[in-house]
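**Q** Got a predicted structure plus its sequence, pasted below:
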There are 2 protein chains.
Amino acid sequence: MTVELLSVGTELLLGNIVNTNAAYLAERCASLGLSCYYQSVVGDNEERLESAIRLALSRADIVILSGGLGPTKDDLTKEVTARVFGRELYKDAHTKERIAGYFRQMKTVRVTENNWKQALVPEGAIVVDNHNGTAPGLIIEGEKNTAILLPGPPNELKPMFEEAIAPYLNKLEPEEIHSKMIKLCGIGESRAETVIYDLMKKQTNPTIAPYAKTGEVHLRVTAKAENKTEAEKLIAPVLEELYRRFGSLIYTEEEEINLEDAVVDILKEKEITLTTAESCTGGKLAGRIMNVAGVSDVYYEGYITYSNAAKEKILGVSCDTLESFGAVSPQTAEEMAAGAAKAAGADAALSVTGIAGPDGGTEEKPVGLVYIGCYLRGNTRVEEFRFTGNREKNRDYAVVRALTLLREELLGLSDR
Amino acid sequence: MTVELLSVGTELLLGNIVNTNAAYLAERCASLGLSCYYQSVVGDNEERLESAIRLALSRADIVILSGGLGPTKDDLTKEVTARVFGRELYKDAHTKERIAGYFRQMKTVRVTENNWKQALVPEGAIVVDNHNGTAPGLIIEGEKNTAILLPGPPNELKPMFEEAIAPYLNKLEPEEIHSKMIKLCGIGESRAETVIYDLMKKQTNPTIAPYAKTGEVHLRVTAKAENKTEAEKLIAPVLEELYRRFGSLIYTEEEEINLEDAVVDILKEKEITLTTAESCTGGKLAGRIMNVAGVSDVYYEGYITYSNAAKEKILGVSCDTLESFGAVSPQTAEEMAAGAAKAAGADAALSVTGIAGPDGGTEEKPVGLVYIGCYLRGNTRVEEFRFTGNREKNRDYAVVRALTLLREELLGLSDR
């Protein structure tokens, strides 16, 4: 079965935003065993949108459209797709009530008239509730093809795809496609690929596909079989081989587990409390740890110490250390971590100090130089990193590296 | 003049990588005054690539292809495009010498035979030197249309575009396109659109296009004219009208300025220092403020106070307040903000306390309930919000609302 992706939005044509939805949908469709031969982007223009929809329907069994479901005049995806399928729009009472509920919860007093446009759905369409916004998803099943309409904001599109669209697509495909995602930290993509080059070349069912994420590598192992049990039987020995080769670099084999989830799980299991002291990441590391619901069991407080004075006052970094070695030094990172643990009364602490850029670099201490300290029950390990991205990227990498370092230290505890 | 982007690569169809080239090229083409109505992605398949090229040429004056210029068998872009234009390939001595030089510089001893494939160019094509790799860019001028072939790696594509392709395209376009981006905070997309519905309907040159961002609305005003001065003349009265209607909700008209930049600019201008005390956002707010290079002038330290004990110890929130009203209450938000300012010795402080979810909600205090406090030189204002997203979205919205609240309070200082 073939699928085609059609992203709708002038902001994509103008390059205002990067089309991350297409990459996400492409990856998920591939994992569901659907073949995708084309992706397209078209703007908020009625005529061109219609021709793009017709072209996509002529080439693929399923067309997934994203974007253009908002309340404004610009948003045409639903109207034009309905017309292509020869369906009228009617006001869906269920969706109307959901939208009203959304605004009640937001305590919006004045709901503008154009918001009710989102309650219009094509005749015969399957309406998919949006738990993170007002535009519902829609599945329009025609005689030959199916169109699936998803809201454009990634934080609405992704949960909707996982909850409703993936199960729907899964049922359409006669062969069972089953995949497992293995997530690694502490290894780069090309290194990881070298380690499993022979497997990637040899394997056709299951296949192994690497995905590079910031500071992580994810490997998707996908098998086709008559049923789930058979697919799982094909996957099992490959997983075993991957564990043999990567060992503890693998932090999860669960799709929905992120690195911060994995780290917090270990903290909970070992009953270790954590704190953070951040300079250049300035709260990003704590913010990521706090993504984990229920982190309050192991994380109570943290510090952003951007100035030298704050490093001294809050963390007790010595004036001598700051003067002799500078704020961006292994010595400062070490004292920051140990000092944070003491201040918070925590068992473990992560510290980050570095030069995120674009300014502040010197020949000796260039932009991208970051020291990460990890204190754990009396011992502190410090690592040096030299990132090569812009300010944002350097800070994102530092966050992932800090989590990776903590994970390594925590696992070291257990005599592995 | 119209342009169409065609990205070639199976890794894009599988979602292995995000198509950042398309966003980059789209933005640059828009800024050069070229109209782009379609973007497409096709894999490394001869037949489908040919049909995609023919389709793009039927719709646009210029087709920019990226990817598929490498040395391997998979790389077909040059071969297929040459065939579509009816051109033979010949070995270009200049390019061959450049490739040899590249390998000499890289100290590569054995150059594999397939590398010389990159020295083949279509008859009559303009060859564009690649200063960051081996595949040259190519401009094939046909009778009706032009195809521009660029290497896929962004670190080869972008410098080549800036050095050679942008100047080439600039000469082709007689009309100047000029646009201004107006960014608003503290208003929703549909409310914003209602305010300017008449303008959007009436305006054709310039056009006004709204973009919804998390907690923000961006409006792009785009004019076409003979030259930049004329375009700016068309835009000026529209901007004036937008300022008249939205007033201080507009926080910038600079493309590269974000809300955090605008807020930090005001802080710097007024010489006001800021700190943060975060519960549910857990560092995300500080992390966003710290996106701004040079924020160290006004932000020295901040606190993540997730537990009640941390709120008491670090911020001095009273035990009575926490017991009587709870951690998620306007009273706690107020004491957090005032206490943070005192602890940091800062002029201003933002506090965030709320129930991000998915757990922890009650009927009285549901998931999504967030209080944001803003302390400014003796006065604290607290606002209540009820967000309806998931944990991640609620926290993202809280961050934007906190910045918006601070901006309002800061502007209130200046008697506006």
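**A** Good, I have the coordinates.

**Q** give me every residue that touches the residue nearest the centre of chain A.
**A** For chain A, the residue nearest the mean C-alpha position is A:Asn258 (8.1 Å; Cα atoms, centre = their mean). For A:Asn258, the contacting residues are A:Asn291, by Cβ atoms under 8 Å, 6 or more residues apart in numbering or on different chains. The way it works is simple: take the backbone N, C-alpha and C, and place the C-beta from them, glycine included.

**Q** same question, the one 5 residues further on
**A** Contact partners of A:Val263, counting by Cβ under 8 Å, 6+ apart, are A:Ile289, A:Leu403, A:Leu406, A:Arg407, A:Leu410.

**Q** Let me know the closest of those residues to chain B.
**A** A:Ile289 (7.2 Å; Cβ to the nearest Cβ).

**Q** Tell me the bridge partners for A:Cys36.
**A** Under DSSP bridges, the beta-bridge partners of A:Cys36 are A:Val3.

**Q** And the pLDDT for it?
**A** With respect to pLDDT, A:Cys36 scores 94.

**Q** I'd like the distance between it and B:Tyr24.
**A** Between A:Cys36 and B:Tyr24 the computed distance is 23 Å (Cβ to Cβ, to the nearest Å).

**Q** pLDDT weak spots in the stretch 1-150 of chain A?
**A** Confidence mapping of the stretch 1-150 of chain A against pLDDT under 70 gives the ranges A:109.

**Q** where exactly do the helices run in it?
**A** Remark: helices assigned in the stretch 1-150 of chain A by DSSP state H, counting those that start in this stretch are A:10-13, A:20-31, A:46-59, A:77-84, A:93-105.

**Q** Do me a favour and get the backbone dihedrals for the residue nearest to A:Pro206 when sequence neighbours are not counted.
**A** Once flanking residues are discounted, A:Pro206 sits nearest to A:Ala223: 3.9 Å by Cβ to Cβ, 6 or more residues apart in numbering or on different chains. Dihedral angles of A:Ala223 (phi, psi; degrees, to the nearest 10) stand at phi -120, psi 140.

**Q** so A:Ala223 sits right up against A:Gln203, yeah?
**A** No: with contacts counted by Cβ atoms under 8 Å, A:Ala223 stays clear of A:Gln203, the gap being 9.6 Å.

**Q** Could you check which of the two is surrounded by more residues?
**A** A count of neighbours by other Cβ atoms under 10 Å in any protein chain shown puts A:Ala223 above the other of A:Ala223 and A:Gln203, at 24 against 17.

**Q** how close does that one sit to A:Ile62?
**A** 22 Å.

**Q** And for A:Leu14?
**A** With the distance defined as Cβ to Cβ, A:Leu14 ends up 28 Å from A:Ile62.

**Q** before we move on, what about A:Met160?
**A** A:Met160 is 16 Å from A:Ile62, by Cβ to Cβ.

**Q** same thing with A:Leu249?
**A** Between A:Leu249 and A:Ile62 the computed distance is 36 Å (Cβ to Cβ).

**Q** Same check on A:Glu226?
**A** Taken as Cβ to Cβ, the span from A:Glu226 to A:Ile62 is 22 Å.

**Q** So between the two, which is more surrounded?
**A** The neighbour comparison of A:Glu226 against A:Ile62 (other Cβ under 10 Å) goes to A:Ile62, with 23 against 10.

**Q** who does that one bridge with?
**A** Bridge pairing for A:Ile62 (DSSP bridges) gives the partners A:Val3, A:Thr146.

**Q** Tell me which of the helices of the stretch 1-150 of chain A is the most buried.
**A** helix A:10-13 (a mean of 25; mean count of other Cβ atoms under 10 Å in any protein chain shown).

**Q** Report all helices and strands that it contacts.
**A** Under the contact criterion of 3 or more Cβ pairs under 8 Å, 6 or more residues apart in numbering or on different chains; DSSP states H and E, helix A:10-13 touches strand A:35-42, helix B:20-31, strand B:35-42, strand B:207-213.

**Q** pull the CA atoms of the third one into PDB?
**A** C-alpha atoms of strand B:35-42 as PDB (Å, rounded to 0.1, in the frame of the first residue of the first chain):
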ATOM      1  CA  SER B  35       7.300  33.000  -6.300                       C
ATOM      2  CA  CYS B  36       7.400  29.400  -5.100                       C
ATOM      3  CA  TYR B  37       4.100  27.400  -5.300                       C
ATOM      4  CA  TYR B  38       5.300  23.900  -4.900                       C
ATOM      5  CA  GLN B  39       8.000  21.900  -3.200                       C
ATOM      6  CA  SER B  40       8.500  18.200  -3.700                       C
ATOM      7  CA  VAL B  41      10.500  15.300  -2.500                       C
ATOM      8  CA  VAL B  42      11.300  12.200  -4.600                       C
END
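
**Q** and for it, what are the contacting residues?
**A** For strand B:35-42, contacts defined as Cβ under 8 Å, 6+ apart pick out A:12-14, A:22, A:37-43, A:45, A:48, A:52, B:1-9, B:12-13, B:19, B:22, B:26, B:29-30, B:48-49, B:52, B:55-56, B:59-60.

**Q** For the nearest residue to A:Gly215 once chain neighbours are set aside, give me phi and psi.
**A** For A:Gly215, ignoring the flanking residues on the chain, the nearest one in space by Cβ to Cβ, 6+ apart is A:Val400 at 3.1 Å. Dihedral pair for A:Val400: phi -70, psi -40, per degrees, to the nearest 10.

**Q** and A:Val400, how many neighbours?
**A** Using other Cβ under 10 Å, A:Val400 is surrounded by 19 other residues.

**Q** Same check on A:Thr353?
**A** 30.

**Q** for A:Glu240, same thing?
**A** Applying other Cβ under 10 Å, we find 10 residues neighbouring A:Glu240.

**Q** hang on, it in a strand?
**A** No: the assignment for A:Glu240 (DSSP: H, G, I helix; E, B strand; the rest coil) gives helix, which keeps it out of a strand.

**Q** does the residue sitting furthest away from the middle of chain A belong to a helix or a strand, and which?
**A** The centre of chain A is farthest from one residue, A:Asp320, which by Cα atoms, centre = their mean lies 41.5 Å away. Following DSSP states H and E, one finds A:Asp320 within helix A:319-325.
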